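In: sequence and predicted structure are below.
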Amino acid sequence: MKLYEISHQYEEIMSELESTEGVLTPEIEQRLDAVEDILQQKMENIACLIRQFQADGELCKSECNRLTALRKSRERAADGLKAYALANLQRMNLKKVEAGRFVISRQSNPERVVIDNEDEVLSKFWIGKLTLPVNEIPEELIDIAVREVNKTAIKEYHKNYPQEEITGIHFELGESLRIR
């Protein structure tokens, strides 16, 4: 019997009990006991299922955590091996090595901006929370504005005006390992 059928049967018994003005006849008592026994058994089974699903959920969660840790460990190992291979290619001054099924080569990364001293960076290279250059934020809002250096603007400026020096920063060129 399904739980909703038990509920329906219980409601019918209660309705009959009301029609007899609360007099519990032997027939009603027998039916009530039978419904309560079935209800208790059904609820116990449901409670067991709930506990099982909760335990399964916890097991899935712990397995997910284990797999996440394993993934991170493997990614760190791969990154370490890539750095090791790149360092050795650089040390031997080799651009690429054909190794069986793979071609392992050094690849130049785009130039990146490194902030040496934020205080020296011109205000036109700063942005506020509203992504405005700091020099365009009204004076009364400057102190409360969230600011950060806009490295993209610095790169663009440097590309357009390569002869001009930008204080407080320097550019770095890096390399990464490419495996094909």
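Out: Good, I have the coordinates.

In: return the distance of residue 60 relative to residue 69.
Out: Residue 60 sits 15 Å away from residue 69, going by CB to CB, to the nearest Å. No exception for glycine: its C-beta is placed from N, CA and C like everyone else's.

In: pLDDT score assigned to the residue most central in space within the chain?
Out: Nearest residue to the geometric centre of the chain (CA atoms, centre = their mean): residue 68, 11.4 Å. Looking at residue 68, its pLDDT stands at 97.

In: helix, strand, or coil at it?
Out: For residue 68, the secondary structure call by DSSP: H, G, I helix; E, B strand; the rest coil comes out as helix.

In: quick one, longest strand in this structure?
Out: For the chain, the strand with the greatest residue count under DSSP state E is strand 102-108.

In: please point out which parts of that one sit buried.
Out: By 16 or more other CB atoms under 10 Å, the buried positions in strand 102-108 come out as 104-106.

In: pLDDT below threshold where in this structure?
Out: 129-131, 144-145 (pLDDT under 70).

In: list the contacts for residue 16?
Out: residue 28 (CB atoms under 8 Å, 6 or more residues apart in numbering).

In: quickly find the element holding it.
Out: Secondary structure assignment for residue 16, by DSSP states H and E: helix 3-19.

In: ok, which stretches of the chain are helices?
Out: Under the criterion DSSP state H, the chain contains helices at 3-19, 26-91, 151-160.

In: dump those to JSON lines, plus distance to residue 176.
Out: As requested, these are exported to JSON lines (distance: least, CB to CB, whole Å):
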{"stretch": "helix 3-19", "distance to residue 176": "60"}
{"stretch": "helix 26-91", "distance to residue 176": "7"}
{"stretch": "helix 151-160", "distance to residue 176": "18"}
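
In: what sits against residue 116?
Out: Contacts for residue 116 (CB under 8 Å, 6+ apart) come out as 168-170.

In: residues near residue 176, how many?
Out: 12 (other CB atoms under 10 Å).

In: is it true that it touches residue 87?
Out: No - counting by CB atoms under 8 Å, residue 176 does not reach residue 87; the two are 11.9 Å apart.

In: outline the domain layout of this structure.
Out: Following the assignment in automatic domain parsing, the chain carries domains at 3-88, 96-179.
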